[in-house]
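*Asks:* sequence plus the predicted model coming up.
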Amino acid sequence: MTAPHFEDLLRDLTPQVLGTLVRRYGRFEGCEDAVQEAVLAASVQWPEEGVPDNPRGWLVTVAGRRLVDQIRSDHARRERENATTAAEVPPEEVPDTDDTLLLLFLCCHPALTAASQTALTLRAVGGLTTAEIARAFLVPEATMAARISRAKQRIRAAGSSFALPEGAEREERLRVVLHVLYLIFNEGYTASSGSELHRADLAREAIRLTRMVHAQLPEDGEVTGLLALMLLTHARRAARTTAAGDLVPLAEQDRTAWERALLDEGTALAKAALAAPELGPYQLQAAIAATHADAATARETDWAQVHALYLILERIAPNPMVTLNHAVALAELNGPQAGLALLATLDGDQRMAGHHRLLSVRAHLLERAGDRAGAYDHYRRAAKATASLAEQRFLEARARRLQAQ
Amino acid sequence: MKFLISLHINPAVLDALTDEEKAAIGAGHGRFIEELKSSGELIVTQALVDPSQAAVVRVRDGQPAVTDGPFLEAKEFLGGFYLVDVEDKERAIELAARIPDAAIDGLGVEVRQVMFSDGHLEA
């Protein structure tokens, strides 16, 4: 039996085991520590002694024992009695229906910053070690450990109940969960500094976690939409950069390098998501990505449909980034001046002032409109404004190309 | 997002401070470091020795030439930095404003986002 097999199994089981414990005992912080210890014990013992018949039960038992030991010694320190009752919880089978959701909802507690929600989700639900998470985010392990431990304290201080929230609160929390998964995916997807390899792992992890949520809530259009969006985006990764690591824009990507199986699955999910009674931003973004996936070349893209989808997206979830992308689609449909006119509506927006994406889109549209000097100036300013090296190289290359013409 | 918060000092300004003021700056940095550690936002902080201890190295015709003293003919020098990992630029600016130096005329605190990182993270 190979090591990756153990890792996959442990990673799948971790949130289930943690969910079971949290459901049984409450106290998230202690349970999380206990499960980490049990997983560590399993990763040492199983390769030697083989996987037990009921690996989940094994982990629940070992983690439960650790937790009880911990409770006992805590109590002993304080009162030195009465901990034994906690030890005698009957080993009944707890239904694992909503355990992953329960955990995700806890990790995405509103008292935490997005960075802490992300870290805690990856550790408690993703089953990643603190060291792995630290590597993925390019921070020292001590920094990540402090962040995770602070997040757990905050959840405790916020007096969280361990039940799934109900009704509107549940809806709202699910939006936070999806946003965190989206952030994890983006962290992995966005080409930026550091080791690309770990970043791709992060994108895969986000997809795995979103699949888990989708398995529990297959009827939710936004969950389906988010999964579709991730798959359709992830399918393009091989075509997004050259061998040297330079960015290739969507219009110039070799579409035969897009991963067919992911595109097919993503497209089917995007279609299913659109059938949901209510439309949300992920469903619409997935539909836009699916429209791109449908076209054999950039030229053959159904820009009218992309434009229509952006119109709806702008209505239900307006934000300047959506307007920016909409301007690109509009320019494909009605020419660069139409796109530039839409961009002009963003000029007073503080959130976009000096933003490299606004500068680079404007540069692109000015270039298409024949204003080479304006395009050159905007490419250079965009290159200075970005914090991504790959993007900076790309924008500077565009500026140089204009100069050479 | 990672930001470098750099501290620009002026040795003359620092020398003119009273001992109490100097101690308050030291204590302020101590508290700041503890807070950043517990929030999980600190990557590393380093302070540099006095600029008079600097050496400037130039290689001309393949021959290194070393001169004592700082490179810049300036009043303000880089005194040290905080490297932090925070949610967004607003948070980095909020943190920078809590550094004692920011409240003293003649000392500067600058915030810039990190673009590329490499090397040992546990350094």
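*Replies:* Alright, I've got the coordinates. Residues are numbered from 1 along each chain as shown, chains lettered A, B, ... in the order given.
*Asks:* check what pLDDT the residue of the stretch 101-250 of chain A found nearest chain B gets.
*Replies:* Nearest residue of the stretch 101-250 of chain A to chain B (CB to the nearest CB) works out as A:Arg147 at 2.6 Å. Yep, even glycine has a C-beta here, placed from its N, CA and C like the rest. Here, the pLDDT recorded for A:Arg147 equals 95.
*Asks:* how near is the nearest residue to it once chain neighbours are set aside to A:Arg23?
*Replies:* Spatially, and ignoring its direct neighbours in sequence, A:Arg147 is nearest to B:Gly40 (2.6 Å; CB to CB, 6 or more residues apart in numbering or on different chains). Using CB to CB, to the nearest Å, we find B:Gly40 at a distance of 28 Å from A:Arg23.
*Asks:* so between these two, which is more surrounded?
*Replies:* Shown here are B:Gly40 and A:Arg23; by other CB atoms under 10 Å in any protein chain shown, B:Gly40 has more neighbours (24 against 18).
*Asks:* the more buried one contacts A:Pro140, doesn't it?
*Replies:* No: counting by CB atoms under 8 Å, B:Gly40 sits too far from A:Pro140 to count as a contact (10.1 Å).
*Asks:* now do the shared contacts for these two.
*Replies:* In terms of CB atoms under 8 Å, 6 or more residues apart in numbering or on different chains, B:Gly40 and A:Pro140 are not both contacted by any residue.
*Asks:* check contacts around A:Arg66.
*Replies:* By CB under 8 Å, 6+ apart, A:Arg66 lies in contact with A:Asp33, A:Ala34, A:Glu37, A:Ala38.
*Asks:* assumed the second one was part of a helix.
*Replies:* Yes: in this structure, A:Ala34 lies within a helix as judged by DSSP: H, G, I helix; E, B strand; the rest coil.
*Asks:* so who does it touch?
*Replies:* A:Leu21, A:Ala63, A:Gly64, A:Arg66, A:Leu67, A:Gln70.
*Asks:* save these as a markdown table, and put in distance to B:Asp61 and secondary structure too.
*Replies:* Compiled in a markdown table, the contacts of A:Ala34 are given as follows (distance: CB to CB, whole Å; DSSP: H, G, I helix; E, B strand; the rest coil):
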| residue | distance to B:Asp61 | secondary structure |
| --- | --- | --- |
| A:Leu21 | 70 | helix |
| A:Ala63 | 68 | helix |
| A:Gly64 | 73 | helix |
| A:Arg66 | 67 | helix |
| A:Leu67 | 70 | helix |
| A:Gln70 | 68 | helix |
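*Asks:* and of those residues, the nearest to A:Arg135?
*Replies:* Nearest to A:Arg135 among these is A:Ala63, at 24.9 Å by CB to CB.
*Asks:* what's the local residue count around the closest residue to the closest one other than its chain neighbours?
*Replies:* Sequence neighbours aside, A:Ala38 is the residue nearest to A:Ala63 in space, at 3.7 Å (criterion: CB to CB, 6+ apart). The local packing of A:Ala38 (other CB under 10 Å) involves 26 other residues.
*Asks:* buried ones in the helix or strand hosting A:Ala38, by neighbour count?
*Replies:* Assigned by DSSP states H and E, A:Ala38 belongs to helix A:28-49. Of all the residues in helix A:28-49, those buried under the rule 16 or more other CB atoms under 10 Å in any protein chain shown are A:28, A:30-39, A:42, A:46.
*Asks:* lowest-confidence one in those?
*Replies:* Checking pLDDT across the buried residues of helix A:28-49, the minimum falls on A:Phe28 at 86.
*Asks:* my read: it touches A:His109, true?
*Replies:* No: no contact is recorded between A:Phe28 and A:His109 when judged using CB under 8 Å, the distance being 9.4 Å.
*Asks:* let me see the domain layout of chain A.
*Replies:* Domain assignment for chain A by automatic domain parsing gives A:3-87, A:314-405.
*Asks:* weakest of these by average pLDDT?
*Replies:* It's domain A:3-87: among the domains of chain A, that one has the lowest mean pLDDT, namely a mean of 83.
*Asks:* still on that earlier bit, dump the contacts of A:Arg66 to CSV, plus distance to A:Ala327.
*Replies:* Below are the contacts of A:Arg66 laid out as CSV (distance: CB to CB, whole Å):
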residue, distance to A:Ala327
A:Asp33, 50
A:Ala34, 52
A:Glu37, 53
A:Ala38, 52
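*Asks:* still on that earlier bit, just the buried residues of helix A:28-49 now: which is nearest chain B?
*Replies:* Within the buried residues of helix A:28-49, the smallest distance to chain B is 15.7 Å, found for A:Glu32 (CB to the nearest CB).
*Asks:* could you tell me how many residues sit around the residue nearest to the closest one when sequence neighbours are not counted?
*Replies:* If the residues on either side of it in the chain are set aside, A:Glu32 comes closest to A:Ala124, at 5.6 Å by CB to CB, 6+ apart. Summarising burial for A:Ala124: neighbours were counted as other CB under 10 Å, giving 26.
*Asks:* thought A:Ala124 was touching A:Pro15?
*Replies:* Yes: under the criterion of CB under 8 Å, A:Ala124 lies in contact with A:Pro15, with a separation of 6.8 Å.
*Asks:* common neighbours of the two, please.
*Replies:* With CB under 8 Å, 6+ apart, A:Ala124 and A:Pro15 have common neighbours A:Leu103.
*Asks:* returning to what we had before: return the residues in contact with the residue nearest to A:Ala63.
*Replies:* By CB under 8 Å, 6+ apart, the contact list for A:Ala38 reads A:Val17, A:Leu59, A:Val62, A:Ala63, A:Arg66.
*Asks:* wait, a strand at B:Gly79?
*Replies:* Yes: under the criterion used here (three-state DSSP), B:Gly79 sits inside a strand.
*Asks:* what's the closest non-adjacent residue to it?
*Replies:* For B:Gly79, the nearest residue in space outside its immediate sequence neighbours is B:Ile9; the separation is 3.4 Å by CB to CB, 6+ apart.
*Asks:* the one you found pairs with what?
*Replies:* On the basis of DSSP bridges, B:Ile9 is bridged to B:Phe77.
*Asks:* give me the number of residues near it?
*Replies:* Using other CB under 10 Å, B:Ile9 has 22 neighbouring residues.
*Asks:* and it, how far from chain A?
*Replies:* In this view, B:Ile9 and chain A are 26 Å apart by CB to the nearest CB, to the nearest Å.
*Asks:* what residue in chain B comes nearest to chain A?
*Replies:* Of chain B, the residue with the smallest distance to chain A, taken as CB to the nearest CB, is B:Gly40 at 2.6 Å.
*Asks:* for that residue, what are its contacts?
*Replies:* With contacts defined as CB under 8 Å, 6+ apart, B:Gly40 is in contact with A:Ala115, A:Ser116, A:Ala119, A:Thr143, A:Met144, A:Ala145, A:Ala146, A:Arg147, A:Ile148, A:Ser149, A:Arg150, B:Asp85.
*Asks:* so which of the residues you listed are in strands?
*Replies:* The strands in this structure, assigned by DSSP state E, contain B:Asp85 from the contacts of B:Gly40.
*Asks:* just confirm A:Leu263 is within a strand.
*Replies:* No: judged by three-state DSSP, A:Leu263 forms no part of a strand; its state is helix.
*Asks:* contacting residues for it?
*Replies:* Neighbouring residues of A:Leu263 by CB under 8 Å, 6+ apart: A:Leu231, A:Leu232, A:Ala235, A:Ala293.
*Asks:* ok, the second one touching A:Ala268?
*Replies:* No: counting by CB under 8 Å, no contact exists between A:Leu232 and A:Ala268, whose distance comes to 10.6 Å.
*Asks:* the more surrounded of the two?
*Replies:* More neighbours surround A:Leu232 than the other of A:Leu232 and A:Ala268, with 27 against 14 (other CB under 10 Å).
*Asks:* how about that one, secondary structure?
*Replies:* Secondary structure for A:Leu232, judged by three-state DSSP, is helix.
*Asks:* same deal with B:Val57?
*Replies:* strand.
*Asks:* quick revisit: including distance to B:Phe71, could the contacts of A:Ala38 go into CSV?
*Replies:* Conversion of the contacts of A:Ala38 to CSV gives the following (distance: CB to CB, whole Å):
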residue, distance to B:Phe71
A:Val17, 58
A:Leu59, 59
A:Val62, 60
A:Ala63, 58
A:Arg66, 57
